[in-house]
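Participant: got a sequence here, can you build the structure:
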Amino acid sequence: MPNITIFSGGSHQHLAKQIAEHLGLELGKVVTKKFSNQETCIEIGESVRGKDVYIIQSGCGQVNDNLMELFIMINACKTASASRVTAVIPCFPYARQDKRSKVRAPITAKLIANMLSVSGADHIITMDLHASQIQGFFDIPVDNLYAEPAVANWIKTNIPDWKNSIIVSPDAEGAKRVTCLADCLNVDFALIHKERNRDNEPDRMILVGDVKDRLAIMVDDMADTCSTICLAADKLLAAGSTKVYAVLTHGLFSGSAISRINETNFEAVVVTNTIPQEDKMNQCVKIQMIDISTILAEAIRRTHNEESISYLFNHFPY
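Facilitator: You can find the predicted model right below:
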C-alpha cells in the first residue's frame, strides 16, 4: 500500500498496532508530550507531504486530552501538506450528547464534529455511533462501521445453543440494532422499555417479548455504569431466561460498573476492543473481548484504494 501513513494517538496504541500489522505497515513516527503548563505538544517525525494519512484515536481514557491530541495531530498533518487526513475514531466521544434533551443543554456531539472539520479532517471512520444522526453533523464524509458481523460471528462460535436464543435490546432506542442481529441469526428478539428518574439510573423496566426457557443475549452499543444492563439481566432471569449474555460495542465501565457486573448472574459480558479492556478483564472474569481491528484495517485499506466499504456492513473480514 504505497503513499499511506498511519499514526496512533495515545488513547489506544495497542489497537493501532494491530491495525497496522493487518495492513503490513509500521506506525508513523510521532512524539506526544506536554509542557509544564499541561499544554499538549505534537511532533510529527516523518514527512507526510502528499500522503494519505490515517490517525487512530479512540474516545476513551482522558477523553478531553485525547481529543485535543487528535485535533493537533490532524492540523499538524494538514499543514505539513498531507493529501488527505482521515480520523479513525473507533469510539466517538460525546456521542450521547446528540440532542437537546433539556432546556439550554448543549449538543456537544455537533461541537466535536465542527472541531474535527475545522482542525482539517477530510474523512471520519468510526464504529457504532450512539445516534446515527451524528453523521449529519458533519460536512465531510463519515463512514459508520458496524460491529454486528463480528458479534454474530462471536455468538455462533462461542455459544453452543445460540439457535435457542433470543436477542434483547435493554432499551427501546436499540430496537433496530437487535432486529438486524436477530434477522442475521434467524432468531427472535425482544426489548425492554425503561424509564429513568435521573441520568444513568433506570427507575422501571417493562419486558416486551417472551424469553421463558430461552437463552437471552442482550445487545447494546454502549455500557457506562452498567446499571441498565444489570437490572435488565435480573428482569430476564426473573422472566424465565435460562442464561443471560451481554454483548456491547463500547464498554466504558465507569464508576461501580465492574462490581455490578461481578454481582449479576451474567454468563459473559462481551465487548469489542474499541476501548482498551485489559485492566477491566483482569478485574472481572466475566468480561470477554471481540477484536475488531480487522474491520478497521479493511476499512482503511478499502478507503485508501477507493473501494466501497459497504461490504463490511454485513461481512466480517477474517
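
Participant: how about low-confidence regions in the stretch 201-318 of the chain?
Facilitator: Residues of the stretch 201-318 of the chain meeting the criterion pLDDT under 70: 201-203, 318.

Participant: longest helix of this structure, counting residues only.
Facilitator: As assigned by DSSP state H, the longest helix anywhere in the chain is helix 63-79.

Participant: who does that one touch, helix- and strand-wise?
Facilitator: Contacts defined by 3 or more CB pairs under 8 Å, 6 or more residues apart in numbering; DSSP states H and E place helix 63-79 against strand 40-44, strand 52-56, strand 84-89, helix 108-119. Heads up, the C-betas are built off the backbone N, CA and C, glycines and all.

Participant: the first one packs against which elements?
Facilitator: Helices and strands touching strand 40-44, by 3+ CB pairs under 8 Å, 6+ apart, are strand 30-34, helix 63-79.

Participant: and those, which one's lowest on average pLDDT?
Facilitator: In terms of average pLDDT, strand 30-34 trails the rest of these, at a mean of 94.

Participant: give the other helices and strands that that strand contacts.
Facilitator: When contacts are defined as 3+ CB pairs under 8 Å, 6+ apart, strand 30-34 packs onto strand 40-44.

Participant: what are the pairing partners of the strand it packs on, and which direction each?
Facilitator: strand 30-34 (antiparallel) (DSSP bridges).

Participant: so which bits of the partner strand are buried?
Facilitator: In terms of neighbour count (16 or more other CB atoms under 10 Å), strand 30-34 has its buried residues at residue 30.

Participant: starting at the chain centroid, how far to that strand?
Facilitator: Distance of strand 30-34 from its chain centroid, counting by CA atoms, centre = their mean, to the nearest Å, is 25 Å.

Participant: kindly report the same for stretch 24-44.
Facilitator: On CA atoms, centre = their mean, the centre of stretch 24-44 falls 24 Å from that of its chain.

Participant: now tell me what touches that stretch from outside.
Facilitator: The contact list for stretch 24-44, computed with CB atoms under 8 Å, 6 or more residues apart in numbering, reads 1, 4-10, 16-17, 20, 45-46, 48, 53, 65, 68-69, 72-73, 76-77, 80.

Participant: just stretch 268-286 next, same as before
Facilitator: By CB under 8 Å, 6+ apart, stretch 268-286 touches 11-12, 14-15, 58, 60-61, 90-91, 127-128, 147, 150-151, 154, 158, 223, 229, 245-253, 258, 261-262, 266-267, 287-293.

Participant: how about the secondary structure of the residue lying farthest from the centre of the chain?
Facilitator: Distance to the chain centre peaks in the chain at residue 36, reaching 32.7 Å (criterion: CA atoms, centre = their mean). Secondary structure assignment for residue 36 (DSSP: H, G, I helix; E, B strand; the rest coil): coil.

Participant: can you check residue 144 too?
Facilitator: Following three-state DSSP, residue 144 is assigned to strand.

Participant: which other helices and strands contact the longest strand seen in the chain?
Facilitator: Using DSSP state E, we find that the single longest strand of the chain is strand 188-198. Identification of packing neighbours for strand 188-198 by 3+ CB pairs under 8 Å, 6+ apart yields strand 165-169, helix 175-185, strand 201-208, helix 227-238.

Participant: now do the end-to-end distance for stretch 91-110.
Facilitator: End-to-end distance of stretch 91-110: 15 Å, with CA to CA, to the nearest Å as the criterion.

Participant: compare the helices and strands packed on strand 188-198 and give me the one nearest residue 96.
Facilitator: Nearest to residue 96, of all those, is helix 227-238, at 12.7 Å by CB to CB.

Participant: alpha carbons only: can I get the helix or strand that the closest one is followed by in CSV?
Facilitator: As assigned by DSSP states H and E, the chain's next helix or strand after helix 227-238 is strand 243-251. Taking C-alpha atoms only, strand 243-251 is exported to CSV below (Å, rounded to 0.1, in the frame of the first residue of the first chain):
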residue,chain,number,x,y,z
LYS,A,243,-28.9,-17.8,30.7
VAL,A,244,-28.1,-14.1,30.0
TYR,A,245,-25.2,-12.7,28.0
ALA,A,246,-24.5,-9.1,27.3
VAL,A,247,-22.7,-8.1,24.0
LEU,A,248,-21.6,-4.4,23.8
THR,A,249,-19.7,-2.5,21.3
HIS,A,250,-18.2,0.1,23.6
GLY,A,251,-17.5,-0.9,27.2
